[in-house]
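Visitor: Quick one, fold the following:
(2 chains)
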Protein chains: 2
Amino acid sequence: MKMAKSTENQTILPEPTIRRLPWYLSYVRMLDNLHVEYVSSTQISKELNVQSSQIAKDLSFLSVRGKTRIGYEVKSLMAELEDFLGFNRKHDAVVIGTGSLGTALMQDRGLENYGLNIVAGFDVRSEVIGTSLGGLPVYDIKDLAEWHRSHNEVSIAILTVPVESAQETADMVIASGMTALWNFTPYRIKAPEDVVIANTSIYAHLAIIYNRMHNTNNG
Amino acid sequence: MKMAKSTENQTILPEPTIRRLPWYLSYVRMLDNLHVEYVSSTQISKELNVQSSQIAKDLSFLSVRGKTRIGYEVKSLMAELEDFLGFNRKHDAVVIGTGSLGTALMQDRGLENYGLNIVAGFDVRSEVIGTSLGGLPVYDIKDLAEWHRSHNEVSIAILTVPVESAQETADMVIASGMTALWNFTPYRIKAPEDVVIANTSIYAHLAIIYNRMHNTNNG
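Guide: Next up is the predicted model:
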């Protein structure tokens, strides 16, 4: 597991830790809604089914410290997690491919609670170019590079194109100067090392469900 | 890594393998579209950036065998992968929570290519109960258990409810007799061991993007 400190004191976290931190956050957000003031790692452990030693280890990456017998202060833990995960900062993004998933993401204001600010969509289909979805404009993908020149604060492209166009579209996105790709296609995108890629392969999750179901039922 | 053979000769695959198999599938589907007849693991390796020894290992779970110097027959490999992943069998499912993501999934006919057949949606909001989305009916979540009694071929529930209702709703789904939960909420669902749960935590992926971006840019 590689870890490194950058000049800004940002830590490259192990992926399993990053996957668990949002669970803790959603739990403490719920506690905060219920006006609960303190939470122990034992309590989080019971609720989320994660070993409390693992929780303590994960939370040690944050600067919040628990108090003996009382545990973590809910409000501080929530703020620390949001800050650490980047959910309280605005990250501008565009949706590439405004099919049903792309449209849903553009219309989903819930993502703003996680720091994602979608500002536009891009597509190849003349019937959607020039329209708006969820109040956001849809542009011609051909104009992406030019658009990005005047919107270079946007670094995240959400890739929701058909699988056949995945690599070709990713190449255009990278050429335009964007540095992060959230890939929803089942295609394994190739990109230079300095481009950040996160794969959300919902089809792989389906395969996992099918595989486990057949074995649970018959095995 | 646990593995077991069931009575039906189905193998519980390691998760990393299951995650890679859909990449191979999407690649060979593309080759088949282009009327390519054979593909070697070296070729797959170059295209997908996975070591060819790993590919050979992953594909050894299937009954397809490559030929020396020629490689795998594209059509057989495609059929074997689809069969093995369960994408060529129909799996009935319901969407629980018809917000923007739930609605998108109900409208996305593309999931059918991966064996997922959504038959209905369920919600708590009176304004959507009784309507239809993507041609599918939306029912009251209160009626889920009763509905499932006459639709017990449906075993998959797709959970797209707000995070605060995640556990409570999952409990209802499990009580109704469904055996698989595809959890899109950031909440870590607790369930009996014989219930299959797949977590698609899109927020965790966002956190990974943010974390890697800050480190790539500054580190």
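Visitor: to the chain's geometric centre, what's the distance from the helix or strand where residue A:145 lies?
Guide: Following DSSP states H and E, one finds residue A:145 within helix A:144-149. For helix A:144-149, the separation from the chain centroid amounts to 23 Å (computed by C-alpha atoms, centre = their mean, to the nearest Å).
Visitor: Please tell me how far the residue nearest to residue A:94 when sequence neighbours are not counted sits from residue A:154.
Guide: Excluding its sequence neighbours, the residue lying closest to residue A:94 (C-beta to C-beta, 6 or more residues apart in numbering or on different chains) is residue A:120, at 5.1 Å. (Each C-beta comes from the backbone N, C-alpha and C, glycine too.) Distance, residue A:120 to residue A:154, using C-beta to C-beta, to the nearest Å: 8 Å.
Visitor: Where does residue A:89 sit: helix, strand or coil?
Guide: coil (DSSP: H, G, I helix; E, B strand; the rest coil).
Visitor: which residues touch the residue lying closest to it once chain neighbours are set aside?
Guide: Nearest in space to residue A:89, with sequence neighbours left out and distances taken as C-beta to C-beta, 6+ apart, is residue A:115 at 5.4 Å. Going by C-beta atoms under 8 Å, 6 or more residues apart in numbering or on different chains, residue A:115 touches A:85-91, B:206, B:210.
Visitor: what about residue A:76, which helix or strand?
Guide: helix A:74-85.
Visitor: Hmm, residue A:198 is touching residue B:211, no?
Guide: No - when contacts are counted by C-beta atoms under 8 Å, residue A:198 is not listed as touching residue B:211 (10.0 Å).
Visitor: what packs against the longest strand seen in chain A?
Guide: Longest strand in chain A by number of residues (criterion: DSSP state E): strand A:116-123. Using 3 or more C-beta pairs under 8 Å, 6 or more residues apart in numbering or on different chains; DSSP states H and E as the contact test, the elements touching strand A:116-123 are strand A:91-96, helix A:100-107, strand A:136-140.
Visitor: ok, that strand: who's next to it in the sheet?
Guide: Partners of strand A:116-123 in the sheet, by DSSP bridges, are strand A:91-96 (parallel), strand A:136-140 (parallel).
Visitor: per-residue confidence averaged over stretch A:169-177?
Guide: The pLDDT scores in stretch A:169-177 average 97.
Visitor: can you list the residues that contact that stretch?
Guide: A:96-97, A:141, A:144-145, A:147-149, A:152, A:157, A:159, A:161, A:181, A:183, A:189-192, A:195.
Visitor: ok, now with 7 Å
Guide: A:96, A:141, A:144-145, A:148, A:152, A:157, A:159, A:161, A:181, A:189, A:191-192, A:195 (C-beta atoms under 7 Å, 6 or more residues apart in numbering or on different chains).
Visitor: Start from the N-terminal end of chain A and give the strands.
Guide: A:38-39, A:72-73, A:91-96, A:116-123, A:132-133, A:136-140, A:156-159, A:180-183, A:196-199.
Visitor: Switch those over to CSV; also include mean neighbour count, mean pLDDT and distance to residue B:56.
Guide: Output for the strands of chain A, formatted as CSV (neighbours: other C-beta atoms under 10 Å in any protein chain shown; pLDDT from 0 to 100; distance: least, C-beta to C-beta, whole Å):
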stretch, mean neighbour count, mean pLDDT, distance to residue B:56
strand A:38-39, 19, 96, 48
strand A:72-73, 22, 94, 47
strand A:91-96, 24, 97, 34
strand A:116-123, 22, 97, 38
strand A:132-133, 16, 94, 44
strand A:136-140, 17, 98, 43
strand A:156-159, 25, 97, 29
strand A:180-183, 24, 96, 25
strand A:196-199, 21, 92, 22
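Visitor: Using CSV, lay out those together with distance to residue B:52.
Guide: As requested, the strands of chain A are arranged in CSV below (distance: least, C-beta to C-beta, whole Å):
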stretch, distance to residue B:52
strand A:38-39, 48
strand A:72-73, 47
strand A:91-96, 31
strand A:116-123, 35
strand A:132-133, 42
strand A:136-140, 39
strand A:156-159, 26
strand A:180-183, 23
strand A:196-199, 20
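Visitor: May I see the buried residues of stretch A:58-69?
Guide: Within stretch A:58-69, the residues that count as buried by 16 or more other C-beta atoms under 10 Å in any protein chain shown are A:58-59, A:61-62, A:64, A:66.
Visitor: Kindly apply the preceding question to stretch A:159-175 instead.
Guide: A:159-161, A:163, A:165-167, A:169-170, A:172-174.
Visitor: Then stretch A:35-45?
Guide: A:38-41, A:43-45.
Visitor: for the residues you listed, which one is nearest chain B?
Guide: Closest to chain B out of the buried residues of stretch A:35-45 is residue A:44 (9.9 Å), distances taken as C-beta to the nearest C-beta.
Visitor: of the contacts of residue A:115, buried ones?
Guide: The neighbour-count criterion (16+ other C-beta under 10 Å) marks A:85-87, A:91, B:206, B:210 among the contacts of residue A:115 as buried.
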